[in-house]
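Undergrad: with the sequence up front, the predicted model follows.
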Amino acid sequence: QVHLVESGGGLVKPGGSLRLSCAASGFNLSDHRMTWFRQSPGKGLEWISSIAYGVTSIIYADSVKGRFTISRDNAKTSLYLQMNSLRAEDTAVYYCARLNWDDFTFDLWGQGTLVTVSS
Amino acid sequence: QSALTQPASVSGSPGQSITFSCTGTTSDVGTYNLVSWYQQHPGKVPKLIIYEGSKRPSGVSLRFSGSKSGNTASLTVSGLQAEDEATYYCCSYGGVTAHVAFGGGTKLTVL
């Protein structure tokens, strides 16, 4: 069975940092582009960042550019999201998702991890 | 990244057919045949229900169908059922620069 499992969420103060992890199982992480989405309470899905097989292609949404860093460790079959300078508006459930580049679909999603930015 | 335009909500009665619209631009929906649709029930993970504009992944009900005309993609749900009540998101490849174009979601209410 293929799975993605996020971890690392929690409560953090404004201006603080947090590192999210996404562990992949049942498939070869190195064969896929990976992404992070988030969903604020009661709001729609927001794409945050994508990373290609290596680190040659990384893209960020304007809302997180300069503050968030996506990375991957194919050997450890994990995806990461380093979040710095967090703001209240970053409060959301964060999902990692596998991107099928052939048809540009997000065909596998994790269950999400909640990040709350509050003083 | 760019945003696709979706109506905030639609409603229908059981058995009816409902069509959702998703309007983009020539930079995304109008150029690429890479529109996908996702269904998300409250508290659940998004589920892919349509890809490449009109294809259904294995296991997705035949009641879901997709199409595209110009810069607008559409999702039709026929024979509405209570279980279809969810939020539906459209997505398109946005080219090298924008990468992902995502809609704000349409909440479907089954009356």
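TA: Looks like it came in fine. Everything quoted here is computed from the prediction, not taken from an experiment. Residues are numbered from 1 along each chain as shown, chains lettered A, B, ... in the order given.
Undergrad: tally of neighbours for residue 72?
TA: Picking chain A for this. By other C-beta atoms under 10 Å in any protein chain shown, 23 other residues sit near residue A:72. All C-beta spots, glycine's among them, are computed from the backbone N, C-alpha and C.
Undergrad: um, chain B though
TA: When neighbours are counted by other C-beta under 10 Å, residue B:72 registers 17.
Undergrad: so it sits right up against residue B:29, yeah?
TA: Yes - here residue B:72 reaches residue B:29: they are 6.7 Å apart, a contact under C-beta atoms under 8 Å.
Undergrad: so what sits against both of those two?
TA: Common neighbours of residue B:72 and residue B:29 (criterion: C-beta atoms under 8 Å, 6 or more residues apart in numbering or on different chains): B:22, B:23.
Undergrad: ok, now which ones touch the closest residue in space to residue B:12 that isn't next to it in sequence?
TA: With C-beta to C-beta, 6 or more residues apart in numbering or on different chains as the criterion, residue B:12 has its nearest non-adjacent residue at 4.4 Å, and that residue is residue B:18. The contact partners of residue B:18, by C-beta under 8 Å, 6+ apart, come to B:10, B:12, B:76, B:77, B:80, B:108.
Undergrad: now do residue A:61
TA: Going by C-beta under 8 Å, 6+ apart, residue A:61 touches A:46, A:47, A:48, A:49, B:1.
Undergrad: on that earlier part again, a markdown table for the contacts of residue B:18, including secondary structure?
TA: Listed next are the contacts of residue B:18 as a markdown table, based on DSSP: H, G, I helix; E, B strand; the rest coil:
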| residue | secondary structure |
| --- | --- |
| B:10 | strand |
| B:12 | strand |
| B:76 | strand |
| B:77 | strand |
| B:80 | coil |
| B:108 | strand |
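Undergrad: mind giving me the ChimeraX select for those residues, buried ones only?
TA: Selection command for ChimeraX covering only the buried members of the contacts of residue B:18, criterion 16 or more other C-beta atoms under 10 Å in any protein chain shown:
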select /B:10,12,77,80,108
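Undergrad: tell me the SS of the residue nearest to residue A:60 when sequence neighbours are not counted?
TA: Distances taken as C-beta to C-beta, 6+ apart put residue A:49 closest to residue A:60, at 4.8 Å, once the chain neighbours are dropped. Under three-state DSSP, residue A:49 falls in the strand class.
Undergrad: give me the neighbour count for residue A:49.
TA: Around residue A:49 there are 23 residues (other C-beta under 10 Å).
Undergrad: now do the same contact list for it.
TA: Counted by C-beta under 8 Å, 6+ apart, residue A:49 has contacts A:35, A:36, A:58, A:59, A:60, A:61, A:64, A:68, A:70, A:81.
Undergrad: how close does it get to residue A:4?
TA: Going from residue A:49 to residue A:4 by C-beta to C-beta, to the nearest Å gives 15 Å.
Undergrad: nice, that's everything, thank you.
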